[in-house]
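Participant: Sequence first, then the predicted structure:
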Amino acid sequence: MSVAKNIIRADVRALSAYHVPDATGFVKLDAMENPYTLPPGLQQKLGERLAAVALNRYPVPSYAALKAAIREHMGVPAGFDVVLGNGSDELISIVSVACAKPGASVLAPVPGFVMYAMSAQFAGLDFVGVPLKPDLSLDRDAMLAAVRAHRPAITYLAYPNNPTGNLFDLDAMLEIIRAVGDTGIVVVDEAYQPFADASFMPRLSDHPNVVVMRTVSKLGLAGIRLGYMSAAAELLAEFDKVRPPYNINVLTEATAGFVLEHAEVLDAQAAAICAERTTLVAALAAVPGVRVFPSAANFLLLRIERPGLTGTAVFERLLQARVLVKNVGKMHALLDNCLRVTVSTPAENACFLAALQSSLNT
Ligand SMILES: Cc1ncc(COP(=O)(O)O)c(C=O)c1O
């Protein structure tokens, strides 16, 4: 027997590691990154700011200045605070661990963000996935039935949803939040909020069981790994106990603080991506054999609907053309023959469109 076999949980040994393909030399449209960087003048100033950071010291774990900047720039309601995470991935993990009472469960629509189920498993929580309807809208009745049957400790509603890109119906979400009541929390995951004209953040004070979770990743700062969540103080205080004390490193802290001083740059980039989304949707709608789903995010979900041609075949032809998208067809039956593609710069979108068109015609 090997040491790993002796000590590592069987369910962990049975897992495959989260796969991130090597994108070197590809037009990278698989991870919903913002394609734009900071303007050179700001890069220079950021470099100076970072050079002055005390790398020899641990961060001050209250992160008071960064939290204040986030509250101010990100529309956190008066009287509400935030807890910071090393990406919202870490926040999902913190919430899972904090709520992992024996027998507790996690509920989420599927297909959804994979880390909800994975973090639940790592923390020893049962995961209950409720399929979306065939049109990828939220199945309100099935969700309400699952809330009654499982009384989940955590319900995730991604708003907009990944990988489908749509915003769920607000009334259905409110009904689910009411049905959960004080027996669980509802995490409204707003990773794609910069590209949507909807948010639960202004509603926080109406819902003591709601946690609004966000990230700066899709805004152009995926590399610094920073997420934040807001909720009633009573909940945040408990989550904060589970957070590793120095989870935001000093370079991330300084970078985020600097970029928030120039938040208008990120806002302009998000607006440019939304405009490009409109252009790309129109172009894709004109491609025979491709169905494009409505999106309030910085990516589009497509279905290949050409007889005799699978989504996987198109994915592989795109790879040959050095364009990397996400093949989500195997994630869930509802996503059969579907691909997910990041909305990028006009040049990269044109490159994707040309490669898609030729992969449909070969
Ligand atoms: C819905 C959703 N939530 C959270 C995340 C994680 O984001 P982060 O980069 O902050 O860990 C993602 C990343 O793709 C996502 O799609």
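Facilitator: Right, received. Where do you want to start?
Participant: how about the strands of the stretch 101-250 of the chain, start to end?
Facilitator: Assigned by DSSP state E, counting those that start in this stretch, the strands in the stretch 101-250 of the chain fall at 105-110, 126-131, 154-158, 185-189, 210-215, 227-230.
Participant: Quick one, which of these gets closest to the ligand.
Facilitator: strand 210-215 (3.0 Å; C-beta to the nearest ligand atom). The way it works is simple: take the backbone N, C-alpha and C, and place the C-beta from them, glycine included.
Participant: How about the residue of the stretch 1-150 of the chain found nearest the ligand, nearest residue that isn't a chain neighbour?
Facilitator: For the stretch 1-150 of the chain and the ligand, the shortest gap (C-beta to the nearest ligand atom) falls at G87, measuring 2.9 Å. The shortest distance from G87 to any non-neighbouring residue, by C-beta to C-beta, 6 or more residues apart in numbering, is to R225 (4.4 Å).
Participant: Would you mind confirming that that neighbour makes contact with S88?
Facilitator: No: when contacts are counted by C-beta atoms under 8 Å, R225 is not listed as touching S88 (9.4 Å).
Participant: So between the two, which is more surrounded?
Facilitator: Between R225 and S88, counting by other C-beta atoms under 10 Å, S88 is the more crowded of the two (26 against 19).
Participant: How about the contacts made by the residue nearest to that one when sequence neighbours are not counted?
Facilitator: Of all residues not flanking S88 in the chain, G227 sits nearest, at 3.3 Å (C-beta to C-beta, 6+ apart). Contact analysis of G227 by C-beta atoms under 8 Å, 6 or more residues apart in numbering lists 84-91, 213-217.
Participant: partners of G227 in the sheet?
Facilitator: G85, T215 (DSSP bridges).
Participant: follow-up on the earlier one: turn the strands of the stretch 101-250 of the chain into JSON lines, including mean pLDDT and distance to G289.
Facilitator: Below are these laid out as JSON lines (pLDDT from 0 to 100; distance: least, C-beta to C-beta, whole Å):
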{"stretch": "strand 105-110", "mean pLDDT": "98", "distance to G289": "26"}
{"stretch": "strand 126-131", "mean pLDDT": "98", "distance to G289": "26"}
{"stretch": "strand 154-158", "mean pLDDT": "98", "distance to G289": "29"}
{"stretch": "strand 185-189", "mean pLDDT": "98", "distance to G289": "32"}
{"stretch": "strand 210-215", "mean pLDDT": "98", "distance to G289": "34"}
{"stretch": "strand 227-230", "mean pLDDT": "98", "distance to G289": "38"}
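Participant: what's the closest of those strands to S137?
Facilitator: strand 105-110 (9.5 Å; C-beta to C-beta).
Participant: and the closest one with the ligand, contact?
Facilitator: No: Strand 105-110 is not in contact with the ligand by C-beta under 6 Å from any ligand atom; minimum separation 10.2 Å.
Participant: who in the stretch 1-150 of the chain is up against the ligand?
Facilitator: Counting by C-beta under 6 Å from any ligand atom, the stretch 1-150 of the chain comes close to the ligand at 32, 87-89, 113.
Participant: can you give me the helices in the stretch 101-250 of the chain?
Facilitator: 114-123, 140-150, 170-180, 233-242, 250-260 (DSSP state H, counting those that start in this stretch).
Participant: got those as TSV, with distance to A270 and mean pLDDT columns?
Facilitator: What follows is the helices of the stretch 101-250 of the chain, written out as TSV (distance: least, C-beta to C-beta, whole Å; pLDDT from 0 to 100):
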stretch	distance to A270	mean pLDDT
helix 114-123	23	96
helix 140-150	30	98
helix 170-180	22	98
helix 233-242	26	98
helix 250-260	13	98
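Participant: For H332, find the nearest of those.
Facilitator: Nearest of the helices of the stretch 101-250 of the chain (C-beta to C-beta): helix 114-123, 10.5 Å.
Participant: ok, back up a step: what's the residue of the stretch 1-150 of the chain closest to the ligand in contact with, if anything?
Facilitator: Contacts of G87 by C-beta under 8 Å, 6+ apart are 215, 217, 225-227.
Participant: sorry, back to before: how close does the residue nearest to S88 sit to P102?
Facilitator: 28 Å (C-beta to C-beta, to the nearest Å).
Participant: what's the answer for M173, then?
Facilitator: 29 Å.
Participant: Can you pick out the residue with more neighbours from those two?
Facilitator: Between M173 and P102, counted using other C-beta under 10 Å, the more crowded position is M173 (22 against 6).
Participant: does that one really touch S137, like I thought?
Facilitator: No: assessed by C-beta under 8 Å, M173 is found out of contact with S137, at 11.4 Å.
Participant: Dump the contacts of G87 to CSV, plus distance to A158.
Facilitator: Output for the contacts of G87, formatted as CSV (distance: C-beta to C-beta, whole Å):
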residue, distance to A158
T215, 11
S217, 14
R225, 19
L226, 18
G227, 13
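Participant: For the strands of the stretch 101-250 of the chain, give me CSV that also has distance to E261.
Facilitator: Shown next, in CSV, are the strands of the stretch 101-250 of the chain (distance: least, C-beta to C-beta, whole Å):
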stretch, distance to E261
strand 105-110, 36
strand 126-131, 40
strand 154-158, 29
strand 185-189, 26
strand 210-215, 19
strand 227-230, 17
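Participant: Of those strands, which is nearest Q320?
Facilitator: strand 105-110 (30.9 Å).
Participant: Can you pull out the residues in contact with that closest one?
Facilitator: So strand 105-110 is contacted by 96, 116-117, 120, 125-132, 138-139, 143, 146-147, 150-157, 161, 168, 332 (C-beta under 8 Å, 6+ apart).
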